[in-house]
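A.B. asks: Make a model of this:
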Amino acid sequence: MQTQTEIILAGFGGQGVLFAGMVLAYAGMDNGHNVSWLPSYGPEMRGGTANVTVIISDEEIGALVVKNPQVAVIFNNPSMEKFEPLVKPGGLLVYNSSLIDRSPQRTDITYLPIPANDIAQELGDVKMANMVAVGATVAATSILPLTKISQALKDHLPASKQSLLKGNNLALQRGAALAKAMAMA
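C.D. replies: The predicted structure follows:
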């Protein structure tokens with residue numbers, strides 16, 4: 001049986017959406033899976049729209065374009081409007097409840113509200129909100145173990161950013177812990 005997970009991460013440029021997708025893709029690749037990473041962003045980058053499609057599969061990936069992902073990780077209201085309707089029935093939508101102020105609209109998918117910005121701010125840098133969301137997503141889906149995401153972060157974070165590794169790992173752990181606590185509630 002083929003196992004393939006299709007994920008869309010979306011938000012504003014500057015929120016680390018593309019990097020979050022890259023970490024997921026590297027973790028999958030480093031652990032023997034076939035992966036794709038397909039970014040899309042507006043010409044203005046920071047402040048414009050940005051999204052990335054990541055596919056992690058045990059088999060060859062037939063198509064890179066995903067119309068109805070199993071998982072969406074959403075960082076802002078415009079992305080919620082655009083991608084919530086596209087999540088496959090039975091899928092998961094993880095959203096940054098620090099910035100998204102509207103209620104979920106569908107009843108056929110699971111929602112995971114994560115106050116990613118608030119948690120990242122508590123940890124000392126709002127830029128870590130992307131890793132809070134990734135930690136929550138990984139814990140909620142079991143796509144890959146959190147340790148594999150952490151290792152990919154360590155292995156692929158540019159040398160100039162290695163000082164951010166500890167904080168990003170804390171962000172991953174906090175997001176994962178919150179997702180697990182919400183699953184038990």
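
A.B. asks: so residue 138 touches residue 173, yeah?
C.D. replies: No: Residue 138 is beyond contact range of residue 173, at 10.7 Å (criterion: C-beta atoms under 8 Å). C-beta: built from backbone N, CA, C; applies to glycine.

A.B. asks: Please enumerate the shared neighbours of these two.
C.D. replies: Overlap of the contact sets of residue 138 and residue 173 (by C-beta atoms under 8 Å, 6 or more residues apart in numbering) consists of residue 146.

A.B. asks: between those two, who's got more neighbours?
C.D. replies: More crowded of residue 138 and residue 173, by other C-beta atoms under 10 Å: residue 138, with 25 against 17.

A.B. asks: wait, what's in contact with that one?
C.D. replies: With contacts defined as C-beta under 8 Å, 6+ apart, the neighbours of residue 138 are 24, 144, 145, 146, 149, 172, 176.

A.B. asks: Now the fifth one, what are its backbone angles?
C.D. replies: Read it as residue 149. Dihedral angles of residue 149 (phi, psi; degrees, to the nearest 10) stand at phi -70, psi -40.

A.B. asks: That one contacts residue 173, correct?
C.D. replies: No: at 10.3 Å, residue 149 does not count as touching residue 173 under the criterion of C-beta under 8 Å.

A.B. asks: check which helix or strand covers residue 150.
C.D. replies: Element membership for residue 150, per DSSP states H and E: helix 146-156.

A.B. asks: which helix is the longest one in the chain?
C.D. replies: helix 165-184 (DSSP state H).

A.B. asks: What are the buried residues along that one?
C.D. replies: 167, 168, 169, 170, 171, 172, 173, 174, 175, 176, 178, 179 (16 or more other C-beta atoms under 10 Å).

A.B. asks: Show me where this protein has its strands.
C.D. replies: Using DSSP state E, the strands assigned to the chain run over residues 4-12, 34-41, 49-57, 71-74, 92-96, 110-114.

A.B. asks: Next, format the ones you listed as CSV and append distance to residue 132 and mean pLDDT.
C.D. replies: Shown next, in CSV, are those (distance: least, C-beta to C-beta, whole Å; pLDDT from 0 to 100):
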stretch, distance to residue 132, mean pLDDT
strand 4-12, 13, 96
strand 34-41, 20, 92
strand 49-57, 17, 94
strand 71-74, 11, 98
strand 92-96, 8, 98
strand 110-114, 6, 97
